[in-house]
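J.: Here you go, sequence then predicted model.
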Amino acid sequence: MSSVDTVLIAKLHTLILSIIIPIFLLLSNTVAVPRSYSPNIHFRSSQIENNEIPHFRTLNRRQLIDCPFPNPYLEITVNTVSPLPDEIYINVTVSGVLKTSPKYWVAMVSPSHSSVKYCPLKDLLYKETGDFSDLPLLCHYPVKAAYLKNDPEFLPCKNKECKKRGVDGNCMVETCSASLTFHVINIRTDIQFVLFDNGFKAPCILKGTTPLPFANPNKPLYGHISSVNSAATSMRVTWVSGSIEPQQVEYGNGKSVTSTVGTFTQDDMCGDIAGKSPAEDFGWHDPGYIHTAVITGLQPSANFSYKYGSGAAGWSDNIQFRTPPAGGANDLKFLAFGDMGKAPRDSTLEHYIQPGSLSVVAAMAEEVATGKVDSIFHIGDISYATGFLVEWDYFLHLITPLASRVSYMTAIGNHERDYVNSGSVYITPDSGGECGVPYESYFQMPTSLKDKPWYSIEQGPVHFTVISTENNWRPGSEQYNWMKSDMASVDRRRTPWLVFTGHRPMYSSAKSALPSVDLSFVKYIEPLLVQNMVDLVLFGHVHNYERTCAIYRGKCMSKPLKDENGIDTFDNSKYKAPVQAVIGMAGFSLDEFSNFAPDWSLQRINKFGFARIHVTRKELKLEFVNSNTRQVEDSFRIIK
């Protein structure tokens, strides 16, 4: 091939991709945003400007073909040999590029046999998204992706290579290269890296690597623990493996218990009358098998060790963990937050990114490592997988340093439960068709039955009433009757503090407050809080930190006084109403506050962090910890 031919191919290639393919797609009536996504989606500002994430999310709606005029010099390689370990940073190198362009990108696809070209005979299944383009369509969603321009040396072609020289020794064909780093964890199925051109809006396929399997797809991974009752003498251990064979938890001095094994399939996911949801279709990824075992004979407020696995599948490391104090004990230290999710540990794009999650997890891991944390409460919007099931693995991997060492208790949120025609209170597509199934599989709380994700538990001097704001809470419903009975039955001599928690808030002064606060929820549930003398209410959903006075019906029933250290102090020996706090600032892009602060709003902070709460029989103290600085930016006390 002559240098003239090469230059001509490059120019024709660019022309085809920038003009013909977009026109072809336009004629196919491709819709940019599928109907099955929530309208309340936030993006980082740089990604909004470049339109990166919105187009990445709709890749499954693009018409794909092989790029015309293939480049004979083009290669995509990785710096590792398979099989892969459980965690690795893989360098992906693309070389032989004839002409640099900001539209080149690489996707990590799993399983590797997923078609990135076409989905035959599925036309009707895709109509649910509002996309009426002709097949073929991208059949499987990329786990993550990155533009070659992320390598600062790519666009200026600083890494040049001569591919062909003339008889005089001068270079006739010169190419460019780029390197990208992908953080990869064991998701059990083979992975493949695929090179595309023409961006996310109208991509075509250039080349792919050979499949890369994991060394041990059956490896037991991502273990976490949770409380099963208020005695704190038993703990549930849950982990994920590619093997259906029962495994064991070994703990204490030679004790062992065998796991029960479960999973879920595409048939368990929700759809609607218009077609399949992301969780059923292009967002599906095999979850493997969820193992769970209850270890018994423990002591409250004590340190133990455990490991999980089997000789055939392998074993986890030996993990140190701490049991919470039993209900009725004198002291409890716990962390609380909502809306955390996860973020990539590389420069790639993923389906849903919660930018504050990495700093929040790092800060809380430091707290847990001190041994001064008894438990954690994550109140809704857990992983933000929203129908893209591989995201659960990345989330579970992220929280392992926390959730494997202290009791990790959860409440369900809209991004776990809500979907059209699914029985959720709110008819939104926020769960992507998951409808609570993966959530309840990974986080088995002490609830009565499936899809009844409300429960209560006592730790130390605190009775926790944990509700689902996404399941029916109206008077006469099963959940309403339960919460009314549960709070009325609390023995305040045993647990003098009553903490009520769920996902959606009753009060918020954020700009997004109007769609976030359900006035019917306030109308029906708030009277129960006052009747049962709830001390503290914790909610998420709105992505910031805000605390109220002792509030009822939108009015301050009492305001705090400053103690000798200048800390706001509520005296609940003269109980008026609960103090409420929104703590949804643990990862999702932060929500701005309105310009007007209502009288009942005493503190508003628009930063990432978590709540650190210390409770004795006489005092409850809450501190908002900034996860980036580790500084306490707000604190208040309730005394009795």
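T.: Now that the structure is in, tell me what you want to look at.

J.: Tell me who's in contact with the residue nearest to residue 488 when sequence neighbours are not counted.
T.: Spatial nearest neighbour of residue 488, chain neighbours left out: residue 532 (6.0 Å); criterion: C-beta to C-beta, 6 or more residues apart in numbering. In this view, the C-beta of every residue, glycine as well, is placed from N, C-alpha and C. By C-beta atoms under 8 Å, 6 or more residues apart in numbering, the contact set of residue 532 is 487-488, 490, 498.

J.: Mind giving me the ChimeraX select for the residues you listed, buried ones only?
T.: With 16 or more other C-beta atoms under 10 Å as the criterion, this ChimeraX line picks the buried residues out of the contacts of residue 532:
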select :487,490,498
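
J.: if you look at the contacts of residue 532, which of them are in helices?
T.: Taking DSSP state H, the ones among the contacts of residue 532 that sit in helices are 487-488.

J.: Same list (the contacts of residue 532) but as a markdown table, adding pLDDT.
T.: Converted to a markdown table, these look like this (pLDDT from 0 to 100):
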| residue | pLDDT |
| --- | --- |
| 487 | 98 |
| 488 | 98 |
| 490 | 98 |
| 498 | 98 |
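
J.: could I get the contacts of residue 532 as TSV with distance to residue 302?
T.: Formatted as TSV, the contacts of residue 532 follow (distance: C-beta to C-beta, whole Å):
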residue	distance to residue 302
487	30
488	32
490	26
498	26
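
J.: what's the closest of the contacts of residue 532 to residue 106?
T.: The closest of the contacts of residue 532 to residue 106 turns out to be residue 498 (C-beta to C-beta; 52.4 Å).

J.: Might you report the residue contacts of that closest one?
T.: Neighbour list for residue 498: 462-463, 465, 487, 490, 492, 532-535 [criterion: C-beta under 8 Å, 6+ apart].

J.: which residue is nearest the centroid of the protein?
T.: The residue lying closest to the centre of the chain (C-alpha atoms, centre = their mean) is residue 383, at 2.0 Å.

J.: Contact partners for that residue?
T.: Here residue 383 is in contact with 341-342, 391-392, 394-396 (C-beta under 8 Å, 6+ apart).

J.: what's the most distant pair in the contacts of residue 532?
T.: Greatest spacing in the contacts of residue 532, by C-beta to C-beta: 488 and 498 (10.5 Å).

J.: Tell me the spatial nearest neighbour of the residue nearest to the centre of the chain, not counting adjacent residues.
T.: Take residue 383 and drop its neighbours on the chain: the residue closest to it by C-beta to C-beta, 6+ apart is residue 395, 3.6 Å away.

J.: Count the residues that sit near the one you found.
T.: By other C-beta atoms under 10 Å, the residues close to residue 395 number 21.

J.: again with residue 419
T.: Look at residue 419: counted by other C-beta under 10 Å, it has 29 neighbours.

J.: Settle this for me: it is touching residue 270, isn't it.
T.: Yes - counting by C-beta atoms under 8 Å, residue 270 is a contact partner of residue 419 at 4.5 Å.

J.: For residue 286, see how far away the residue nearest to residue 488 is.
T.: 44 Å (C-beta to C-beta, to the nearest Å).

J.: ok, now residue 634?
T.: For residue 634, the distance to residue 286 - C-beta to C-beta - is 44 Å.

J.: Likewise for residue 332?
T.: Per C-beta to C-beta, residue 332 is found 39 Å from residue 286.

J.: Mind checking which of these two has more residues around it?
T.: More neighbours surround residue 332 than the other of residue 332 and residue 286, with 25 against 17 (other C-beta under 10 Å).

J.: who touches the more buried one in this structure?
T.: Contact analysis of residue 332 by C-beta under 8 Å, 6+ apart lists 324-325, 374-375, 459-462, 613-615.

J.: Tell me the secondary structure at it.
T.: strand (DSSP: H, G, I helix; E, B strand; the rest coil).

J.: Which parts of the stretch 401-550 of the chain are strands?
T.: 407-411, 455-459, 462-466, 497-501, 536-539, 545-552 (DSSP state E, counting those that start in this stretch).

J.: Hmm, I typed the wrong one, I wanted the stretch 51-200 of the chain.
T.: Taking DSSP E, counting those that start in this stretch as the test, the strands found in the stretch 51-200 of the chain are 75-78, 87-97, 105-109, 144-147, 160-165, 171-185, 192-197.

J.: Now do the second one: which elements does it pack against?
T.: Judged by 3 or more C-beta pairs under 8 Å, 6 or more residues apart in numbering; DSSP states H and E, the packing partners of strand 87-97 are strand 75-78, strand 160-165, strand 171-185, strand 192-197.

J.: which helices and strands does the third one pack with?
T.: Packing partners of strand 171-185 (3+ C-beta pairs under 8 Å, 6+ apart): helix 3-15, strand 87-97, strand 105-109, strand 144-147, strand 160-165, helix 390-403.

J.: Near residue 477, how many other residues are there?
T.: Using other C-beta under 10 Å, residue 477 has 14 neighbouring residues.
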